[in-house]
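Colleague: 3D model of this:
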Amino acid sequence: MHVVILAGGKGVRLRPYTSALPKPLVPIGEEYAILDIILRQLAAQGFTSVTLAVGHLSPLIRAFVGDGTRWDLAVDYTEEVTPLSTIGPLFSIRDRLPDDFLVMNGDVLTTLNYADLLHRHTASSAPLTVATAPRVVKIDFGVLEAAGGHITGFREKPLLSYLVSMGVYALSRGCIEGYPEGMAFGFDELVLDLLARRRPPAVFEFEGYWLDIGRPDDYDEANARFEEIRPLLLPERERAL
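Modeller: Below you'll find the model as predicted:
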C-alpha cells in the first residue's frame, strides 16, 4: 500500500497563492493544507508508505511532513533537480517501489477511495489504471456538420460529455521499466506509449466529489465549500488524527 505524491510543481496557475507556498501546502479551511487532507485519507484507507516527489520550495514540504509519523505513515522523498513532469520522477526510484502502487497529484481534493483503485488495479492485468471523472462541457455556439459543401446536421449549443483523468493513477512497476533516469516524461506520453505497444490502460470510473485545485477559481471554490464537504473528505476518525 504505497503511493507516490507529486509535489514538485511551481503552481504557476495558482499564483498569487503559491508565491510563498508550494501548492500542496496552501490552506483549505482554517485547519488543513491540501497535502494534510490527502495524507489523512491515505492513512485511514490502509496505506502505509508514501514517497513525496518534491522540487519547488521542497524544504517547506519536508518541514511540514517530516518522516510521516504524524499520520502513521513512512514517508521518504525524491528530489527533482530539473522538472521531470508526471512520470519522470518515478524512474530514479524504481527499485524502491512495490510491484503495484499509486501515483497522484498533490493538489487533489476527492472522496475517491484510493485503496479501491489500487486493489482493482492489482487484480487486473493492466499496466496502468486511471481514475476518471465525467465532465460535461457546454458549447456556446450552434455546431454544424458538413459534407460535400452542404450542411448535413445541426446541434444548437450541445452538451458534450467526456471522461477526464483525475490525476490519480495505479501503476505496475513493469510499465515504467526501460526509461532512463533523469528524463522528463509525462502521463500523456506514458498513455500514448502504452497504446502504441498495444498495452491499453484500464479506467476506474468515479462519480463522487473531485476538485483539481489548479486555478484561483478552483481554490476559492474549495474554501467556500469546505465546511460542507469536510465530513465527506475527513470523517470524524480521520479529523482526530
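
Colleague: could you pull out the strands for the protein?
Modeller: With DSSP state E as the criterion, the chain has strands at 2-7, 27-28, 32-33, 49-54, 74-79, 100-105, 108-110, 128-138, 142-147, 150-156, 159-172, 202-205, 210-212.

Colleague: Any idea which of the ones you listed gets closest to residue 196?
Modeller: Among the strands of the chain, the nearest to residue 196 by C-beta to C-beta is strand 128-138 (13.4 Å). In this view, the C-beta of every residue, glycine as well, is placed from N, C-alpha and C.

Colleague: and that closest one, what does it pack onto?
Modeller: helix 114-123, strand 159-172, helix 187-196, strand 202-205 (3 or more C-beta pairs under 8 Å, 6 or more residues apart in numbering; DSSP states H and E).

Colleague: Quick one: those as CSV, columns for distance to residue 44, mean neighbour count and mean pLDDT too.
Modeller: Listed next are the helices and strands packed on strand 128-138 as CSV, based on distance: least, C-beta to C-beta, whole Å; neighbours: other C-beta atoms under 10 Å; pLDDT from 0 to 100:
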stretch, distance to residue 44, mean neighbour count, mean pLDDT
helix 114-123, 9, 18, 95
strand 159-172, 16, 18, 91
helix 187-196, 26, 15, 94
strand 202-205, 19, 15, 94
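
Colleague: Kindly reformat the ones you listed as JSON lines and extend each row with distance to residue 6.
Modeller: Shown next, in JSON lines, are the helices and strands packed on strand 128-138 (distance: least, C-beta to C-beta, whole Å):
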{"stretch": "helix 114-123", "distance to residue 6": "14"}
{"stretch": "strand 159-172", "distance to residue 6": "8"}
{"stretch": "helix 187-196", "distance to residue 6": "10"}
{"stretch": "strand 202-205", "distance to residue 6": "18"}
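
Colleague: before we move on, back to that, let me have the strands of the chain in JSON lines, extended by distance to residue 185.
Modeller: Formatted as JSON lines, the strands of the chain follow (distance: least, C-beta to C-beta, whole Å):
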{"stretch": "strand 2-7", "distance to residue 185": "13"}
{"stretch": "strand 27-28", "distance to residue 185": "30"}
{"stretch": "strand 32-33", "distance to residue 185": "28"}
{"stretch": "strand 49-54", "distance to residue 185": "13"}
{"stretch": "strand 74-79", "distance to residue 185": "14"}
{"stretch": "strand 100-105", "distance to residue 185": "12"}
{"stretch": "strand 108-110", "distance to residue 185": "20"}
{"stretch": "strand 128-138", "distance to residue 185": "13"}
{"stretch": "strand 142-147", "distance to residue 185": "36"}
{"stretch": "strand 150-156", "distance to residue 185": "38"}
{"stretch": "strand 159-172", "distance to residue 185": "13"}
{"stretch": "strand 202-205", "distance to residue 185": "20"}
{"stretch": "strand 210-212", "distance to residue 185": "21"}
